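Trainee: Sequence and predicted structure, then a few things I'm wondering about:
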Amino acid sequence: MRWTIVLPLKGGPSAKSRLEAGPELARALAADTLTAVLACPVVSRTVVVTADPGTAAEAASAGADVVGESGPGDGLVAAVRDGVAAAGPGPVAVLLGDLPALRPEDLTDGLSAVHDTLRDRPAASMAAVPDAAGTGTVLLAARGAADLDPAFGPGSLVAHVRRGAVRVEIVLPRLRQDVDTPDDLRTALGLGVGRRTAGTLRANGTGTGGGPRAPGPRVPGLS
């Protein structure tokens, strides 16, 4: 099965403000996430949604299809809906854009798990993979775009289950570790982050803790 991935990327100076870091780090988190998605063998199309021109240019250079936000500033759910509307036929999944430790094989395994869940639960409209904290959603998948009913934000996992999603419990820490706070970043570093995040932290004198992950496929414009 081949998937379309919708990847909302905020970009700009206000991205990841809770990290207490500059926009370069937010851009790096997004770049490493996108690199892993584009290298995933079961992803046939990647739709990046952003209102930030710099993020859009990088994503397009790397090989993603870029969709502008129809209402910049309207929030994550509105951006996700813009991407889902452009997804086309076939299975679609929405992935958070702040997963710097993600590797292509993690996404492959995650998509395989949600596929099996949807196959075994025909009455379910969606499948949701929890974040590391167990309250948010890092991956929301459906058989088609029309079945996706996103509710991203605080407590999104419960909201997605209420809207018909099945919770998918999998042991894939690099997929589930999103980064919103300095503690999240330290955990991601322990898992091994991508080149862009590691390089940005080194350039800022922050250090990389667990160090960058082993080299993976290089993506022009993002590696």
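Mentor: Good, I have the coordinates. Residues are numbered from 1 along each chain as shown.
Trainee: Spell out for me which residue occupies the centre of this protein.
Mentor: When C-alpha atoms, centre = their mean is applied to the chain, the residue found nearest the centroid is L96 (2.7 Å).
Trainee: Now it: phi and psi?
Mentor: L96 has phi and psi values of phi -70, psi 150 when expressed as degrees, to the nearest 10.
Trainee: and the longest strand seen in the chain, which residues are buried?
Mentor: The strand of greatest length in the chain, counted in residues with DSSP state E as the criterion, is given as strand 43-50. Of the residues in strand 43-50, those buried by neighbour count under the rule 16 or more other C-beta atoms under 10 Å are 43, 45-50. Any C-beta I mention is one placed from the backbone N, CA and C, and that applies to glycine too.
Trainee: now the angle from the helix or strand just after that strand to strand 43-50?
Mentor: The C-terminal neighbour of strand 43-50 among helices and strands, as given by DSSP states H and E, is helix 53-62. With axes from the mean of the first three to the mean of the last three C-alpha atoms, to 10 degrees as the criterion, the two stretches helix 53-62 and strand 43-50 enclose an angle of 160 degrees.
Trainee: Just the CA trace of helix 53-62, in CSV.
Mentor: Extracted as CSV, the C-alpha positions of helix 53-62 are listed here (Å, rounded to 0.1, in the frame of the first residue of the first chain):
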residue,chain,number,x,y,z
PRO,A,53,7.7,31.2,2.0
GLY,A,54,11.1,29.9,3.2
THR,A,55,9.6,26.6,4.4
ALA,A,56,7.7,26.3,1.2
ALA,A,57,10.8,26.8,-1.0
GLU,A,58,12.8,24.2,0.9
ALA,A,59,10.0,21.7,0.8
ALA,A,60,9.5,22.1,-2.9
SER,A,61,13.2,21.8,-3.6
ALA,A,62,13.3,18.6,-1.6
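Trainee: and it, which residues are buried?
Mentor: Of the residues in helix 53-62, those buried under the neighbour-count criterion (16+ other C-beta under 10 Å) are 55-56, 58-59, 62.
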